[in-house]
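Colleague: no sequence on this one, just coordinates:
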């Protein structure tokens, strides 16, 4: 008696299924007056949700991806590199003190709401950031707090004022020189937004609600920049962010009519969607899939490496680790070349210092620690550290571009250390559920693996972040000489002198201080179908989609 | 009936308050926390302190608990740490996705499970029965992950018959009315969108239905076999009742009681725990929300609300099961 109903239900489902098999989404191709327009929709599968679309309140790549298509910064990067070039400013210069920065703005640039980009608008943005009220809002301006030192009233604040010399000249004055500039002006967080829209949609109001914050209509529904795409909506139920071609864009206009950024968190599912042809590009393919996808005819676009994985050494818990010879023994014990070969994502290379060779201050002649177990044993014996036992912390429940498989990396490194006579006590901890706290706040570990993806082309952003000040991670206060040297290099205004200073820092880091052992640089990739053209992978994962076209 | 319902409501409130208290203190006893999740890797110590003050984490835990209870009572679950939206928005978006999926799975499981179980019992010891036992054993044992990927590999990668993931084709202009995509398409007469959503539902629903289907088949089979052995069936047969009448009045009616309980339990489990299926198919429902909220972000506000919701769903489903018991078996009404 149930059977007939079941059969009917199954029949209906089957009939509808067959009827729908041919269904496909429709792409509009309106035609356009622009000669370079190719039309169509570019569907890009990203790995996570954005937070909101107000650049200043964001610090993560998934939020920056759509933001970058809608907004622009004063200074930007040459496509495919970390080298600086003009963005909204055609050119920029600084005075010899490094405190006064003059930006010559492009003419004829308009925000998406039709208002003009001029020096007053640029200064309105700087003033907005500096004068942001409320701890809720300030606590969400991660990059601003980091780069500009603080807000109005804070003694550490670096920003002083911004003056519109004329409509196309903005002069930003700092209270002191900071090594992060000019590189940091290219940070997506410092994109220039329409002052009219900021006001109209109450952008500065960030309110606390329970354990988190509510953002304004500007951040959620009316992002207004000058970029090649305008905001088309965010369907949270399907995880799709739609961006439309900006027909009034000042530069070369986007080729496609529309971009859809679709959030697919599972890397395997991203790959399957690519194979099914429902998306045209995927971010962060699983390292193990890269070769297979390339063999199947997909384009695997490797980003130039802009990250570093290192083995951190905490000199506090175990006094033996204060001995340089022990730290060098650890470096010699690691067969990093083999690790890169067996566990490294495609394109990974052994690192011999803490920044990639694309960054200013990279020194080609640092001391290298090629795999040498005998040397490691000898150094341990000289230092009286035979039979050393070390607690090695590594994260679980996480995958980072520089560290796709922490557990496997740990296993290989631990085996190497044990082969050299160092006993390893592995301590797995969830990334956000203990690892970061134990390593960076409480310093429970002797060894750990961690890394970093750079934000902008500046050695301070790498070396300074790790070793520029006392950090629990490396044992609070191990090497005053190191902090001083890095601080001095970072404070050097002249770029040539800064390069020389940081080259020396890198040599000393390898030979004299060795607070950690650099492991590898691992370029993350994007994979596209053959029909996608013009996508330029960026070392900073700062791809812009206006150059992308879809060929059928 | 009124007494049953009101007793259940009291039970519900006590359970919820106890659960909330437990969850609040348990989440806060875990290492790591929302501060790290909100800050990412680049925050300065000053920013960290500002955030702790802004969120009131510098206040005693009892003050935080009081504020939390006050918020919950007034229906304010706060904002998601991960997305920044009000928790109620996040959940009301994910809830229909999971209900749609669970409903489809339950329709498949019940629609196929009861007749199959019944047929197996009727053909006790014969080929159909043996085959059913073997197939359902496989159904119960097969890990959802494996089955999901297997179906996907075969039906979406080898032969491009079904879409690999998601609830609707990318770029489809569907109007959101109820959050149930299939229904929304019908309501707004966007039949293409509705059909597309249904097409996306097939594989995840089959994957999710497998275990409850196998369980329902087995319970139905066992229960019907028990009933067939009862004296009253023999009596009914001896009285010369038609076979169809015996099946309908006696065998099914009595045989269905344990099946209804199982369906209830399975429905609750499906609603609360479609975690793996949702992950495999990028479904974006409650299961996905649970994993996203635990791993990485420690999204307390969402987790707290989700646990509350799961408790409510379980209790309501059980209530419905009890009431339907009374409907099927008059003896329960008397008690």
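Modeller: That came in fine, so what should we check first? From a predicted model like this one, the values you see are computed outputs, not experimental measurements.
Colleague: rest of the way, CA atoms for contacts and neighbours
Modeller: OK.
Colleague: all helices of the stretch 51-200 of chain B, in order?
Modeller: B:61-73, B:87-122, B:127-141, B:144-152, B:181-187, B:191-228 (DSSP state H, counting those that start in this stretch).
Colleague: Give the buried residues for the fifth one.
Modeller: Looking back up the chat, that one is helix B:181-187. By neighbour count on 16 or more other Cα atoms under 10 Å in any protein chain shown, the buried set for helix B:181-187 is B:181-185.
Colleague: Quick check: closest non-adjacent residue to residue 197.
Modeller: You didn't pick a chain, so chain A it is. Closest residue to residue A:197 apart from its sequence neighbours, by Cα to Cα, 6 or more residues apart in numbering or on different chains: residue A:224 at 6.5 Å.
Colleague: right idea, wrong chain: chain B
Modeller: residue B:168 (4.8 Å).
Colleague: what about the helix or strand harbouring residue A:390, near chain B?
Modeller: Per DSSP states H and E, residue A:390 falls inside strand A:389-396. No - Strand A:389-396 lies apart from chain B when judged by Cα under 8 Å from any Cα of the partner chain; the minimum separation is 10.0 Å.
Colleague: Give the pairing partners of that strand; include direction for each.
Modeller: strand A:423-430 (parallel), strand A:447-453 (parallel) (DSSP bridges).
Colleague: pLDDT (mean, whole number) over the first one?
Modeller: Per-residue pLDDT values across strand A:423-430 average out to 93.
Colleague: do the same with stretch B:38-56
Modeller: 79.
Colleague: can you give me the end-to-end distance of it?
Modeller: One end of stretch B:38-56 to the other measures 14 Å (Cα to Cα, to the nearest Å).
Colleague: Distance from it to the middle of the chain?
Modeller: Its chain's average C-alpha position is 37 Å from that of stretch B:38-56, according to Cα atoms, centre = their mean, to the nearest Å.
Colleague: any weak-confidence spans in the chain?
Modeller: Using chain A. A:1-35, A:432-433, A:476-478 (pLDDT under 70).
Colleague: that's the wrong chain, I wanted chain B
Modeller: Within chain B, the stretches with pLDDT under 70 are B:1, B:31-33, B:40-41, B:272-273, B:296-297, B:330-335.
Colleague: how does it look with 50?
Modeller: Where chain B drops to pLDDT under 50, the residues are B:335.
Colleague: related to what we said a few turns ago, touching chain B at all, the very next helix or strand once past the strand holding residue A:390?
Modeller: Per DSSP H and E, the first helix or strand lying C-terminal to strand A:389-396 is helix A:406-419. No - using Cα under 8 Å from any Cα, helix A:406-419 stays clear of chain B, coming no nearer than 14.8 Å.
Colleague: Name the residues of helix A:406-419 that are buried.
Modeller: Buried residues in helix A:406-419 (16+ other Cα under 10 Å): A:406-407, A:409-410, A:412-418.
Colleague: Which single one of those is nearest to residue B:231?
Modeller: residue A:407 (62.5 Å; Cα to Cα).
Colleague: what about that closest one, distance to chain B?
Modeller: Shown here: residue A:407 relative to chain B, a distance of 16 Å by Cα to the nearest Cα, to the nearest Å.
Colleague: Kindly report the same for residue A:420.
Modeller: 33 Å.
Colleague: For that residue, the count of nearby residues, please.
Modeller: 24 (other Cα atoms under 10 Å in any protein chain shown).
Colleague: swap in the one 10 residues further on?
Modeller: Close neighbours of residue A:430, defined as other Cα under 10 Å, add up to 17.
Colleague: That one contacts residue A:393, correct?
Modeller: No - here residue A:430 does not reach residue A:393: they are 10.2 Å apart, not a contact under Cα atoms under 8 Å.
Colleague: Is the residue nearest in space to the middle of chain B in a helix, a strand, or coil?
Modeller: Chain B has residue B:271 as the residue nearest its centroid, 1.1 Å off, counting by Cα atoms, centre = their mean. The three-state label given to residue B:271 by DSSP: H, G, I helix; E, B strand; the rest coil is helix.
Colleague: OK, contacts around it?
Modeller: By Cα atoms under 8 Å, 6 or more residues apart in numbering or on different chains, residue B:271 lies in contact with B:98-99, B:102, B:286, B:310, B:313.
Colleague: now these in JSON lines, with distance to chain A and neighbour count?
Modeller: Output for these, formatted as JSON lines (distance: Cα to the nearest Cα, whole Å; neighbours: other Cα atoms under 10 Å in any protein chain shown):
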{"residue": "B:98", "distance to chain A": "12", "neighbour count": "25"}
{"residue": "B:99", "distance to chain A": "14", "neighbour count": "20"}
{"residue": "B:102", "distance to chain A": "16", "neighbour count": "25"}
{"residue": "B:286", "distance to chain A": "12", "neighbour count": "27"}
{"residue": "B:310", "distance to chain A": "20", "neighbour count": "17"}
{"residue": "B:313", "distance to chain A": "21", "neighbour count": "17"}
